[in-house]
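Visitor: Sequence first, predicted model second:
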Amino acid sequence: MKIFKDKAYEVKSESGMTLIELVLVMVLVAILSGFISKIIYYEINTYEMIADRKDELQSARYAFHVMTRDIRQVLNPESIFHASVDSLRFDDVDTTMISYKYQNNEILRNGDLLVDGVSNFYFYYFDDAGNPLDDPVPDPTEIRVIELNLSNTVRNQTINSQIKVTPRNFLNSL
């Protein structure tokens with residue numbers, strides 16, 4: 001006698017995933033996604049910080065370029081009319097009046113904006129022996145070297161830049 005099996009009751013042995021395995025995989029994928037998203041966030045934040053730093057350094061470099069070019073062209077020691085920690089006024093070799101002023105986080109050249117977003121900016125002045133001069137300089141004709149100090153703050157990090165400039169026409173008066 002033959003026994004026929006009803007196909008409706010036949011158990012197939014197919015391999016598959018159980019609900020527990022599926023939930024476990026989902027939890028692992030979620031954990032990995034969390035780690036990967038933190039890494040991506042950190043990398044994007046680092047990129048933006050570097051881009052901001054680059055922009056601030058480029059602004060400082062431009063300001064230094066313009067100011068050193070102008071200061072090197074001071075006509076003679078007698079052509080410096082005012083020298084203080086936050087401002088400088090002089091005539092260049094073309095007898096053009098040039099003035100620099102630091103106020104409200106901006107450096108102005110002849111009243112026009114040269115660079116903004118500056119945290120600190122100072123002029124320091126030195127005589128021919130390298131001694132620092134008082135602020136404001138009582139006798140600007142004693143100035144032989146001018147030091148520029150500029151600080152920018154980018155995302156709580158301070159970037160300091162400094163340069164010393166000797167006007168070209170002062171070399172003959174030493």
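Guide: Yes, it's here.
Visitor: What values do phi and psi take at the residue nearest to the spatial centre of the chain?
Guide: For the chain, the residue sitting closest to the mean C-alpha position, by CA atoms, centre = their mean, is Glu56 at 2.9 Å. Torsion angles at Glu56 (phi, psi; degrees, to the nearest 10) stand at phi -70, psi -40.
Visitor: correct me, but it touches Val118?
Guide: No - applying CB atoms under 8 Å as the test, Glu56 and Val118 come out as separate, 9.1 Å apart. To be clear about C-beta, it is placed using only N, CA and C from the backbone, and glycine gets the same treatment.
Visitor: Spit out the residues that contact the two alike.
Guide: Asn152 (CB atoms under 8 Å, 6 or more residues apart in numbering).
Visitor: low-scoring stretches of this protein, by residue?
Guide: Residue ranges of the chain with pLDDT under 70: 1-14, 171-174.
Visitor: at 50 instead, please
Guide: 174 (pLDDT under 50).
Visitor: the strands in it, which residues?
Guide: For the chain, the strands defined by DSSP state E cover 80-83, 87-91, 97-103, 106-109, 112-116, 120-126, 145-154, 157-165.
Visitor: how many degrees apart are the longest one and strand 97-103 in direction?
Guide: Looking back up the chat, that one is strand 145-154. Going by axes from the mean of the first three to the mean of the last three CA atoms, to 10 degrees, strand 145-154 is angled at 40 degrees with respect to strand 97-103.
Visitor: Return the list of strands paired to strand 145-154, each annotated with direction.
Guide: Applying DSSP bridges, strand 145-154 is found paired with strand 120-126 (antiparallel), strand 157-165 (antiparallel).
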